[in-house]
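Enquirer: here is a sequence with its predicted model. Questions after.
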Amino acid sequence: MVGQGRDPVTRQLPEGVEAFQASAPADLVDRYTIGVERLDRRVFDLDDDQLDRAWLPSAGVGRWPVRVLLGHLADAEVAFTHRLRRVVAEPGCEVRSWDQQAFIDAGHYGVVAMAEGAQPVAMPIGAAVGTVHTLRAWCGPWLRALPAQAWSRAGLHEERGPLTLVDLLAFDVWHLERHAFFCNAKIDALLGPEAGP
């Protein structure tokens, strides 16, 4: 858990998901509730050109534009929220994959126009960040209140096999922290390192 008074913005690439899966559920919930506070608040200072800038692999900050990354985080959070709640309510349920690249290619984040002559719409990043924040604010107290036996409930993932509630929550937490690292690295590249306190 991030200590009181400590900046939760992610500036270091997190360990692999396996390290998160080894965490106690209470520790995972603590990290989960930090959520979008992992993002550098200067993301809202970026203009449209900065938000939509694609990156070469050599930049070392991930390839997706910031707007795409934030849209992806929102879509992923919707999917993770459904998986978490469904596994608790319906142990043994199917946990499906989704094609994240198809969402990008379909123009969900405003980077391509779907019809000839159509203009792409710039997805408001506040809506994406707000989606992640709202879903985690909604589910955090619910997760914290679950009985111990709920954490071993599992669903069956079509590619990964059985996944417990702990596995799913660990992946959700790791996913956001990993993408926050790359988002923040892009912000630093565009705006310079954040000034200290």
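Expert: Received, thanks. Residues are numbered from 1 along each chain as shown.

Enquirer: and the least confident helix or strand in the chain by mean pLDDT, how far out from the chain's middle?
Expert: Among the helices and strands of the chain, helix 100-105 carries the lowest confidence by mean pLDDT, DSSP states H and E, at a mean of 89. In this view, helix 100-105 has its centroid 15 Å away from the chain centroid, taken as C-alpha atoms, centre = their mean, to the nearest Å.

Enquirer: for the next helix or strand after that helix, buried residues please.
Expert: Moving toward the C-terminus from helix 100-105, the next helix or strand (DSSP states H and E) is helix 125-145. Of the residues in helix 125-145, those buried by neighbour count under the rule 16 or more other C-beta atoms under 10 Å are Ile125, Ala128, Val129, Thr131, Val132, His133, Leu135, Arg136, Cys139, Gly140, Leu143. Yep, even glycine has a C-beta here, placed from its N, CA and C like the rest.

Enquirer: can you tell me how far the fifth one is from Arg153?
Expert: This means Val132. 24 Å (C-beta to C-beta, to the nearest Å).

Enquirer: give me the low-pLDDT residue ranges for the chain?
Expert: Residues of the chain meeting the criterion pLDDT under 70: 1-6, 111-120, 196-197.

Enquirer: how about the helices in it?
Expert: 17-21, 25-34, 48-51, 66-89, 100-105, 125-145, 165-191 (DSSP state H).

Enquirer: got a markdown table for the ones you listed, with distance to Asp40 too?
Expert: What follows is the helices of the chain, written out as a markdown table (distance: least, C-beta to C-beta, whole Å):
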| stretch | distance to Asp40 |
| --- | --- |
| helix 17-21 | 22 |
| helix 25-34 | 14 |
| helix 48-51 | 13 |
| helix 66-89 | 10 |
| helix 100-105 | 22 |
| helix 125-145 | 11 |
| helix 165-191 | 5 |
